[in-house]
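# just need the structure, nothing else, for what follows:
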Amino acid sequence: MVTYSALSDQELTSLLRAGDGIAYTEIYQRYKRLLYLFAFKRLGDREEVKDIVHEIFTALWYNKEQLNLSYSLNTYLHSSVRNKIVDVIARKQVSARYVETFNAYRASGQSTTDHLIRQKELAALIEKEIEALPVKMRQVFELSRNSNYSRKQIAEELGLSEETVKSHMHHAMKILKVKLGPLLVLALFIQP
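Model (predicted):
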């Protein structure tokens, strides 16, 4: 019997490419804490860091057949986390700019062309993140948001239990909160 914990990263990567779930689990156990600490030092937000690490390992599993490392698995995983951190920081900067512009717009009470363009961009950005949600989760979210359906109505419409609807809404809000941050608050003012 193979002792996965004794295998090298290179051996685990080969097994992972072949679809070995135990090799994937070993890689996860070997690197999750290191990646979490690496990201936490840079972001300082536990939930955001958990989401990043989760996204990295989800992508690793879904792209395992195409995994062709020209460097070590450790370097690959840390680079992936670093890239996600850069994305998060960039998104926060964009969010801050939109929040600042929106607050100035609300304070001035004027509808300038620039503000209207930014409002449309913001709405498009929010809609893009909603469209990126998994299908059922997005359907639940949109029925709740656009149609003001109750949990019971959504459950009947989609053939789900009310608990499943509640879970989908909770996870959708969590995902959107991480992806959009302060922009989620602005969505209340922009969306009908």
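# residue 132 and residue 180, how far apart?
11 Å (Cβ to Cβ, to the nearest Å). Just so you know, the C-beta spots here come from the backbone N, C-alpha and C atoms, and that holds for glycine as well.
# neighbour count for the two, which is higher?
Per other Cβ atoms under 10 Å, whichever of residue 132 and residue 180 has more neighbours is residue 180, with 22 against 11.
# unless I'm mixing things up, that one is touching residue 126, no?
Yes - applying Cβ atoms under 8 Å as the test, residue 180 and residue 126 come out as touching, 6.3 Å apart.
# sorry, back to before: which residues do residue 132 and residue 180 both contact?
Residues touching both residue 132 and residue 180 (Cβ atoms under 8 Å, 6 or more residues apart in numbering): none.
# CA atoms only: put stretch 142-157 into PDB for me.
Extracted C-alpha coordinates of stretch 142-157, given in PDB (Å, rounded to 0.1, in the frame of the first residue of the first chain):
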ATOM      1  CA  GLU A 142     -32.200  36.400  -8.600                       C
ATOM      2  CA  LEU A 143     -35.600  35.200  -7.600                       C
ATOM      3  CA  SER A 144     -35.100  36.700  -4.200                       C
ATOM      4  CA  ARG A 145     -33.500  39.900  -5.400                       C
ATOM      5  CA  ASN A 146     -35.500  40.700  -8.600                       C
ATOM      6  CA  SER A 147     -38.800  39.100  -7.900                       C
ATOM      7  CA  ASN A 148     -38.900  39.500  -4.100                       C
ATOM      8  CA  TYR A 149     -39.900  35.900  -3.700                       C
ATOM      9  CA  SER A 150     -40.000  34.400  -0.200                       C
ATOM     10  CA  ARG A 151     -38.000  31.400   0.600                       C
ATOM     11  CA  LYS A 152     -41.100  29.200   0.300                       C
ATOM     12  CA  GLN A 153     -42.000  30.700  -3.100                       C
ATOM     13  CA  ILE A 154     -38.400  30.100  -4.400                       C
ATOM     14  CA  ALA A 155     -38.400  26.500  -3.100                       C
ATOM     15  CA  GLU A 156     -41.700  25.800  -4.900                       C
ATOM     16  CA  GLU A 157     -40.600  27.500  -8.100                       C
END
